[in-house]
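> sharing a model that was predicted from the sequence below.
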Amino acid sequence: MTATETGADAQAPPGLLTPGLTPIQRFKAIAGGSAGNLVEWYDWFAYSSFALYFAPHFFPSGDPTSQLLQAAAVFAIGFLARPVGAWIMGLYADRAGRKAALSLAVAMMCAGSLVIAVIPDYEVIGVAAPAILLLARLLQGLSVGGEYGASATYLSEMAGKERRGFWSSFQFVTLISGQLLALGILILLQRILPTEALEAWGWRIPFVIGALLAVVVFWIRLGLEESASFQNAQASGAERARTMMLFTHHPWETAAIFLLTAGGSLAFYAYTTYMQKFLVNTTGFTKETATNITAAALVVYLFILPLFGWLSDKWGRRTNLAFTFGAGMLLTYPIMTTMAGVTEPLMAFGLMVVLIVIIAGYTSVSAVTKAELFPAHVRALGVALPYAMANAVFGGTAEAVALGFKGQGVENAFYIYVSAIMGVALITSLLLRDSRQHSRILED
C-alpha cells in the first residue's frame, strides 16, 4: 500500500508521527467522528423544525408571525453562546485533545435537549417558561459552538491529503443528516398524531429522542482514536494555544474565516432552516407541504456535498468558494422572489434545489478550508472561534432578520442583504490562497 493510500507522507519532517491509516481505519475514524456531529445538529435543528408547533406555548401573545419572530429571537440568542463555546472548547481541544472536546460537547447537548423536553409551558409557570427555554438554548449553543471546531479539525486531520476534501465534507453530510432527521421525525409525527396532539405535547418527543441519542454517541466518542496532528503538537512542545495567537500570529486567516462564514452561514440558514417557514409564511403552503419540500431538497443536498468535496480535491477549495459566493450573489434575489409567488410544490422544490447546489460549494469545504489554514497547536481554536463569531452575527440572526423585514413589509430587502454579504465573501475567497496547495496539516 502506498504512502498516499495510507495517509503517511513520505516527505513528512523526520520524527513526525503520521496516521498511516488503512481505508477501513480511516472510514471508522470518519464515521465515529461524524456520528456525534449528526446528533448535535439534529438537536440543534429540532428547535427550528418544531418552532411552528411550540412557539405558542412559550410566546402566547401576538399573531403567528410575531410568535415565530420571538421563537427565532431565542434561536438567535442561542447563537450568541456559540462563540463562547467555540472559545472554551477550542482551547480545550487544542490542549486536552480532539476526543475529549468531542465527548464533552455531546454531553452538553444531551442536557440542553432534555431540559427543553420537560419545560412546563407559559400557562403553567408564566415568564419562567421562555426564560428556561432560553437557558437551555444557551447550553445547546455552547455545545454546538464547541462541536464545530473539534469535529472539523478531527475529520480534516484524520483524512488523507488526496481525499481530504471528500472525507471532510461528511461533516456537513452529517449536519444535514441531523437536520433531515429532525424533519423526518416531524413528518412522522404529522402522520401519526392528530394536529391537536402535536401542538399540545407531541413537539416534546423529538427533544427526548435527541437526549437519548446523545447518550449513545457519548459512549461512542469515548472510544475514538486521537489524531496524529494533536499528538505531534503535544510531543513537539509547541506553545499552548492562546486566544490572542489568532489575532497576533494568524490575523488574515482569522479574518478570512470570519468573512467566509458570514456569507456561507447566512446563505445556509436562509436557504435551508428558514426556508420551511418561508414556504408557509410567505409562499402560502401548508406546514406539512413545506416540511415535505424542505426534506426532499435536503436529501438531494446529502448526495451533492461529497461530490463537491471530491471536486475540491481536483480543482481546489477556492474554486468551490468562488462558485458559491458568485452564484449566490447573483441568483439569491431572483430565485427567492420567484419562490415567493409559486403555487406548485414541485416548482418550489426545484428552486430550493438550485439554492442547495449553490451553497453546497461552500459547505462541502467549510471544515477542510478552515482546518488547513492553521497549525495543529492552535487549529481547533482557529477553526472554531471566528466561525462561531460570524455565525452568531449572520447565521443565527438570519431568521429574525428575514421575519423582521417581512413584518415591515419589505421582505425582498432580506434577499438583497444575503446577496450583499455573499459578495463580500466572494472577494475574500478570491484573495485567499488555495488551502489545498498550502495546507498546514502535515500528517498526510
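Looks like it arrived, so ask away.

> sketch out the low-pLDDT regions of the stretch 1-150 of the chain for me.
Along the stretch 1-150 of the chain, the model assigns pLDDT under 70 to residues 1-22, 25, 61-68, 75.

> ranges for the strands of it?
Remark: strands of the stretch 1-150 of the chain are absent; assignment by DSSP state E, counting those that start in this stretch.

> any chance you could map the helices in it?
3-6, 23-58, 64-96, 98-118, 122-125, 128-158 (DSSP state H, counting those that start in this stretch).

> dump the ones you listed into JSON lines; add mean neighbour count as well.
Every residue, glycine included, has its C-beta placed from N, CA and C. As requested, the helices of the stretch 1-150 of the chain are exported to JSON lines (neighbours: other CB atoms under 10 Å):
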{"stretch": "helix 3-6", "mean neighbour count": "16"}
{"stretch": "helix 23-58", "mean neighbour count": "22"}
{"stretch": "helix 64-96", "mean neighbour count": "22"}
{"stretch": "helix 98-118", "mean neighbour count": "23"}
{"stretch": "helix 122-125", "mean neighbour count": "12"}
{"stretch": "helix 128-158", "mean neighbour count": "25"}
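
> I'd like those laid out as a markdown table, including distance to residue 412.
Converted to a markdown table, these look like this (distance: least, CB to CB, whole Å):
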| stretch | distance to residue 412 |
| --- | --- |
| helix 3-6 | 50 |
| helix 23-58 | 23 |
| helix 64-96 | 16 |
| helix 98-118 | 34 |
| helix 122-125 | 34 |
| helix 128-158 | 30 |
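
> who are the contact partners of the nearest residue to residue 79 once chain neighbours are set aside?
Spatial nearest neighbour of residue 79, excluding adjacent residues (CB to CB, 6 or more residues apart in numbering): residue 396 at 2.5 Å. Neighbour list for residue 396: 75, 76, 77, 78, 79, 80, 82, 269 [criterion: CB atoms under 8 Å, 6 or more residues apart in numbering].

> hmm, back to that, for residue 276, which of the helices of the stretch 1-150 of the chain is the nearest?
Minimum separation from residue 276 across the helices of the stretch 1-150 of the chain (CB to CB) falls at helix 23-58, 7.0 Å.

> which helices and strands does the closest one pack with?
Applying 3 or more CB pairs under 8 Å, 6 or more residues apart in numbering; DSSP states H and E, one finds that helix 23-58 makes contact with helix 64-96, helix 98-118, helix 122-125, helix 128-158, helix 170-192, helix 195-200, helix 205-222, helix 274-278.

> and those: which comes nearest residue 423?
Of the helices and strands packed on helix 23-58, nearest to residue 423 by CB to CB is helix 274-278, at 19.7 Å.

> using PDB, write down the CA coordinates of that closest one.
Backbone C-alpha positions of helix 274-278 (Å, rounded to 0.1, in the frame of the first residue of the first chain) are rendered in PDB as follows:
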ATOM      1  CA  TYR A 274     -35.600  29.500   7.300                       C
ATOM      2  CA  MET A 275     -37.000  28.000   4.000                       C
ATOM      3  CA  GLN A 276     -39.500  25.900   5.800                       C
ATOM      4  CA  LYS A 277     -41.100  28.900   7.500                       C
ATOM      5  CA  PHE A 278     -40.700  31.000   4.300                       C
END
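
> now do that helix: everything it contacts.
So helix 274-278 is contacted by 48-49, 51-52, 68, 183, 290-291, 294, 297, 336, 339-340, 352, 355, 398-399, 402-403 (CB under 8 Å, 6+ apart).

> residues near residue 225, how many?
17 (other CB atoms under 10 Å).

> now it: closest residue in space that isn't a chain neighbour?
residue 29 (6.0 Å).

> gap between residue 58 and residue 413?
28 Å (CB to CB, to the nearest Å).

> phi, psi of residue 397?
When quoted as degrees, to the nearest 10, the phi and psi of residue 397 stand at phi -100, psi 0.

> wait, isn't it in contact with residue 79?
Yes. Checked against CB atoms under 8 Å, the pair residue 397 and residue 79 is within contact range at 7.3 Å.

> tell me the contacts of the most centrally placed residue in the chain?
The structure's the chain has its C-alpha centroid closest to residue 175; by CA atoms, centre = their mean the separation is 5.8 Å. Shown in contact with residue 175 (CB under 8 Å, 6+ apart): 37, 38, 41, 363.

> just residue 32 next, same as before
Here residue 32 is in contact with 220, 221, 223, 224 (criterion: CB under 8 Å, 6+ apart).

> swap in 6 Å and give it another go.
residue 224 (CB atoms under 6 Å, 6 or more residues apart in numbering).

> then the one 4 residues further on?
With contacts defined as CB under 6 Å, 6+ apart, the neighbours of residue 36 are 102, 106, 217, 221.

> do you know how far the nearest residue to the last one once chain neighbours are set aside is from residue 316?
What sits nearest to residue 221 in space, not counting adjacent residues and going by CB to CB, 6+ apart, is residue 103, at 4.5 Å. When CB to CB is the yardstick, residue 103 and residue 316 sit 34 Å from each other.

> residue 342: neighbour count?
Residue 342 has 17 nearby residues by other CB under 10 Å.

> pLDDT value on the residue nearest to it when sequence neighbours are not counted, please?
In space, and not counting its chain neighbours, residue 342 is closest to residue 348: 5.0 Å by CB to CB, 6+ apart. Note for residue 348: predicted pLDDT of 94.

> tell me the SS of residue 348?
Put simply, residue 348 is helix when judged by DSSP: H, G, I helix; E, B strand; the rest coil.

> pretty sure it is touching residue 338, no?
No. With contact defined as CB atoms under 6 Å, residue 348 does not reach residue 338; the gap is 9.5 Å.

> tell me which of these two has more neighbours.
Applying other CB under 10 Å to residue 348 and residue 338 shows that residue 348 carries more neighbours, namely 24 against 12.

> going by residue numbers, what spans are helices in the stretch 301-444 of the chain?
Under DSSP H, counting those that start in this stretch, the stretch 301-444 of the chain gives helices at 317-340, 345-363, 366-371, 379-390, 398-407, 412-431.

> please state the offset of the longest one from the chain centre?
Going back to what we said before, that points to helix 317-340. In terms of CA atoms, centre = their mean, to the nearest Å, the centre of helix 317-340 is set 19 Å apart from its chain centre.

> swap in the second one?
When distances are taken as CA atoms, centre = their mean, helix 345-363 is centred 17 Å away from the chain's centroid.

> mind listing what's buried in it?
Using 16 or more other CB atoms under 10 Å as the test for burial, helix 345-363 gives 345, 348-349, 351-353, 355-363.
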